[in-house]
Each structure stands twice: as structure tokens, then as C-alpha cells.
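**Student:** coords below, sequence missing:
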């Protein structure tokens, strides 16, 4: 049969683009293999054979994922296809090919056809890479399953809790949900392996010494199940240290709806343990205070309760946000009045920034998708700058803003003094004594930080790594002395810092250097590398001028799983460049 006729048959059968297409004669088993030519958008024969089914079964052994092998050894065999399919019918099967050591999902669509007059009986098989679509579907299923877990937990909640644990009874694995907003949102879950062991460790760290023995008895799995029995739940309470203060917490154990998990809830009940008069007083708080208390989790020096639409506001002061609030002032236009006061009491360098923040539209935009946002600035008090923090959030009715203001001057000053001391010590430990650039310790810390971002699937900035080796250092040391060798090393460091002026440069060995290319250096990295290599060539034969072999490689998010993958590629390229330089200096 002429290729033209085969092309017509394929064109009639295809509804979508395929990675590969096979035409198989159902009588002789002869076949032709076609694939899309991306340059000419045409189909070109790439391979043919005399027995498609035999060859397919043979080739599948080396490229098809083991669990899917039956599709090619059983389902896509001639006799079965003829038995199952009529002319014009179609089958579609999902399977995995092993590509670069990983399973990649594909579909194969089989169409049976017989030409007019029955003179030509054939199959057409189209293969398509659907890995992305399949994995997206799996991810959607996973999210749906996680949503079901959330629903089970929600059924067990009658009130808000500080923390909720969802515990697998078979494995003791658990998911932890921490809640900062009453009756509502849960944070992203944290997964871990052994609830009972982890909790016993935390008891020793945080439980009141007088309560530790009592508390530990509850965190044996069999003991907990025995106490639960056929009851819907059981509870116990003890004291936990929170920011240096011991507070009572109630712990409640309930069976999940599926019978395979426990729901373990933690609630701060310090208020319930205190005097009845305090609890009664809190019940009589105004609606305004109730909404503020729901929204705040920290103490403030002043709180502003602002009607979002009009700017009408009330200002409160309190030494304890959960104690008595005192009304300080009321106003009709918070935005205008705050803008006027900014010019009087805010540090001049912070005024424009804070004026932008205290704007109704800016606040709404900044709170979109967030519980709150904060801004640090300086107030001028008695002629001196005082660091202050402003935290802005919605009230529970979503019609008011709540702004909490606290003095953080002491906190900031202590932090600055501490950071100065720590940074000074760290900086000395991370500097190369000879050249003044960063050393091997500093590079190790950078590599660890970047690797952590990669491991946590965070979108990391584009970067490249340049590896350099200083040629003939030993020769300089042996012939001119170590003092000359030190000057040779320092000249190499100066050259690298001069060219890669926006990227950190590290000396990681006697004659080894690394540059971590980022920021404004990254887009022009090839130009900078070319500049370095040109300078090195010009240095050949010039006494004391550094000869640096160099290799550079980019981080490829789709394939690189380790920072060392990028480093090793750059290192290999450096050795190629080193060999070329050796030839030039012979």
C-alpha cells in the first residue's frame, strides 16, 4: 500500500494530536510507525516492521511500567482486539512508560477499520503523553479526600479549639490543625508520625511539674481507647506553660466518623477555672468588645474599632485586652483624622509609608485573602523615636476594621543589640581570613538554605553556580614562595568580585572559588562568564595575573532536586575549561 493511502487512513482516524501513531495490517501484522514532525507539521514514517504484536510485546518489557505490562501482553493482542472490536469501534487504555527512571502516564487509543469491499483490515493505534493531566486528576482526588477529613473533624466540633489532632489508630500518624480565629478557620495541617510519643515528649517540656505524671497516663494508646470505651468522648485538663505562664487546657478525645481515627481537641479553659465573677463579667461585655476579643490574640496599648464604610470609630485602651476596656475617644472619620495625626507624631521617614497604609482601599486590598497584616514604624515621643507596631484585621462582622497598636521599642532595641552581636560573630566565622570574601562555612549555609527551599517545593529565585579553580598555585608557591602565592589567591578573589559584583563569592578551598549568581547578575550571566574568560586569556603570560578555569551551570527546577546537581555540572565544565587553558599555556 502506498504511503499516501496510509496517511489518509490516519488522518480520518485522528481527532487529536498524538506522540506516536501506528498503522497495523490486521491480516499480515505488518505495521508502520508515525510521529509528529514539529518543524513541518507533517507525519513522516520513522519505523516499520513485519509483526507488530510480537515486536510490541518484546519492546514493552524494557519500557512499560511493570504493573501495566498486562495491557500489552494481553489486552492489545490481535486475537483479543478482533474479538472485542468491530469496524469503526475504539478502545482507549491508560498505562505508564518508564522515562528517566520515572513512570510517565500515556494513553493508547485503538481504532479498528475495514476498507470498502473488505479488502483491507487494519488497526490504528494513537499514543499520547497524558502524564500532566492524570497527575492533576490525582491531585484533585487527593484534595477531595483531604476535604472529607476536614468534614469529619467539623462534625466533631461544637466550639472553637486552639489545636485539633486527627489520629490514625492503626499507625498513630496524625495531622495537626491549629486555630487562631474562633469558631472559624483552621491553618494548613502539619503531619507527623507518632502522636502518643510526640505528646509525651511535649508533656515533659511544657506541662506543669505537678501535672506531668497525671497527664502522661492518658497518652498510652490502649489506655486512651479503654477510657473512651463506647462513649462519644471523654475529657481531662492540666496546666501548660504558654509564654512563661501556666494556663489550664481541656483535652477531649472523640472517635471520628470512620471508626479508624480519633479526634483530639485542645482548648484553653483558663477563664473557666478562674473566679465565677470574672466569667460573668466577660459575658456582659459589649458587642463591640466581643468582636474585638474574637479577632485579637495579642495585647495592645490601644485598639481602634472602625466602621469600614464611613470611617466612624471608637478608640479603646487596656493593659489587658481580655480585661476591662476603657473608651478613650470616638470620632467620625478615622481615615482623615489619622492622616492628620501622622504628620504630627510619626517619624518623618515613616510618614509617607504609614499614610499609604492608613487608607480604606489599601486596607481592604491588603486584607484580601489574609486574616491580618502589620506594619512597624516610629512614633516621636518626648523628642525620641519609639518603635511601634500596628496590626490591622477585619472584625468578625466583616463591616469593621480593628487596628491594634503596641509599643515594641524595647523588643526592637534588644533584638538589634542581639543581632549586632550575633552577626558580628557570625560574619567573622564566615569570612576567608586571607581574601576577606565568604568562606566554605558560608557556602555550606547558603547551600543548605537553598536546598531547604527546593525540598519544600518553594518557588525559588533563578540562580546559577560558577565553579572556578586557580591554575598553577602550587607552582607559584614552589618557585616564588607562599607570600607570592597568597597574593596570587587575593588577585583571583578581586577579579571575581569585580566581575560578579552583585553575587556572593566564596573561597571553598586553597585554589577553589564558587560564585552564586543571582539578582541582576543572573540575566547577564553568560556575558559575565565571557568577560571572565577573556580576562583570563589576557592574563596568560602576565606575572602575578590570575589564571582561573571556570564552569557555570543554571538551576533547572524541572529536573534538579539537589543544589549539588547544579554544582557538579558547573564543576565538570570547569575541568573542561581547565584542560583548554593548560593547552594554551604550554
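**Tutor:** Ah, there it is. Source: prediction; values computed, not measured.

**Student:** sheet partners, orientation included, of the helix or strand that contains residue 303?
**Tutor:** Using DSSP states H and E, residue 303 sits within strand 302-307. Strand 302-307 pairs in its sheet with strand 313-317 (antiparallel), strand 400-407 (antiparallel), by DSSP bridges.

**Student:** in it, what counts as buried?
**Tutor:** Buried residues in strand 302-307, counted by 16 or more other Cβ atoms under 10 Å: 302-306. Just so you know, the C-beta spots here come from the backbone N, C-alpha and C atoms, and that holds for glycine as well.

**Student:** what's near enough to touch residue 312?
**Tutor:** For residue 312, the contact set (Cβ atoms under 8 Å, 6 or more residues apart in numbering) comprises 306, 331-334.

**Student:** what are the ranges of the strands in the stretch 251-400 of the chain?
**Tutor:** Ranges of strands in the stretch 251-400 of the chain, per DSSP state E, counting those that start in this stretch, are 261-268, 302-307, 313-317, 326-331, 372-381, 384-394, 400-407.

**Student:** what comes up buried for the first one?
**Tutor:** Counting neighbours by 16+ other Cβ under 10 Å, one finds that the buried residues in strand 261-268 are 261-268.

**Student:** and those residues, which is closest to residue 200?
**Tutor:** residue 264 (13.7 Å; Cβ to Cβ).

**Student:** wait, doesn't that closest one sit right on residue 255?
**Tutor:** No - counting by Cβ atoms under 8 Å, residue 264 sits too far from residue 255 to count as a contact (10.8 Å).

**Student:** for residue 206, state which of the buried residues of strand 261-268 is nearest.
**Tutor:** Ranked by distance to residue 206 (Cβ to Cβ), the buried residues of strand 261-268 are led by residue 266 at 11.6 Å.

**Student:** my read: that closest one touches residue 177, true?
**Tutor:** No - using Cβ under 8 Å, residue 266 is not in contact with residue 177; the gap is 10.3 Å.

**Student:** gap between the top strand by length along the chain and the chain center?
**Tutor:** For the chain, the strand with the greatest residue count under DSSP state E is strand 102-114. How far strand 102-114 lies from its chain's middle: 35 Å, per Cα atoms, centre = their mean, to the nearest Å.

**Student:** quick one: buried residues of that strand?
**Tutor:** Result for strand 102-114 [16+ other Cβ under 10 Å]: buried residues 103-113.

**Student:** direction included, what does the helix or strand following that strand pair up with?
**Tutor:** Sequence order places strand 121-129 as the next helix or strand after strand 102-114, per DSSP H and E. Here strand 121-129 is paired, per DSSP bridges, with strand 20-25 (antiparallel), strand 102-114 (antiparallel).

**Student:** pLDDT and distance to residue 237 for the buried residues of strand 102-114 - can I get that in CSV?
**Tutor:** What follows is the buried residues of strand 102-114, written out as CSV (pLDDT from 0 to 100; distance: Cβ to Cβ, whole Å):
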residue, pLDDT, distance to residue 237
103, 92, 50
104, 90, 53
105, 92, 51
106, 89, 57
107, 87, 57
108, 87, 61
109, 85, 63
110, 87, 65
111, 85, 69
112, 85, 71
113, 79, 75
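
**Student:** closest to residue 94 among those?
**Tutor:** When the buried residues of strand 102-114 are compared for distance to residue 94 (Cβ to Cβ), residue 107 wins out at 5.4 Å.

**Student:** so who does the closest one touch?
**Tutor:** Residues near residue 107 by Cβ under 8 Å, 6+ apart: 92-95, 127-128, 130.

**Student:** which of the contacts of residue 312 count as buried?
**Tutor:** When the contacts of residue 312 are checked for burial by 16+ other Cβ under 10 Å, the buried set is 306, 334.

**Student:** just checking, residue 571 touches residue 468?
**Tutor:** No - using Cβ under 8 Å, residue 571 is not in contact with residue 468, being 10.1 Å away.

**Student:** so between these two, which is more surrounded?
**Tutor:** Between residue 571 and residue 468, counted using other Cβ atoms under 10 Å, residue 468 has the larger neighbour count: 28 against 17.

**Student:** is the more buried one in a helix, a strand, or coil?
**Tutor:** At residue 468 the chain is in strand, as set by DSSP: H, G, I helix; E, B strand; the rest coil.

**Student:** got the contact list for the closest residue to it other than its chain neighbours?
**Tutor:** Nearest residue to residue 468, sequence neighbours excluded (Cβ to Cβ, 6 or more residues apart in numbering): residue 513, at 4.2 Å. Residue 513 sits next to 467-470, 492-493, 496, 505-507, 548 when contact means Cβ under 8 Å, 6+ apart.

**Student:** the residue nearest to residue 413 when sequence neighbours are not counted: neighbour count?
**Tutor:** Leaving aside its sequence neighbours, residue 413 sits nearest to residue 387 (Cβ to Cβ, 6+ apart; 7.6 Å). As a burial measure, residue 387 scores 19 neighbours (other Cβ under 10 Å).

**Student:** so after the host helix or strand of residue 414, what's the next helix or strand?
**Tutor:** Element membership of residue 414 [criterion: DSSP H and E] is helix 409-429. As assigned by DSSP H and E, the chain's next helix or strand after helix 409-429 is strand 438-439.

**Student:** that older thread, of the contacts of residue 513, buried ones?
**Tutor:** Among the contacts of residue 513, those classed as buried by 16+ other Cβ under 10 Å are 467-470, 492-493, 496, 505-507, 548.
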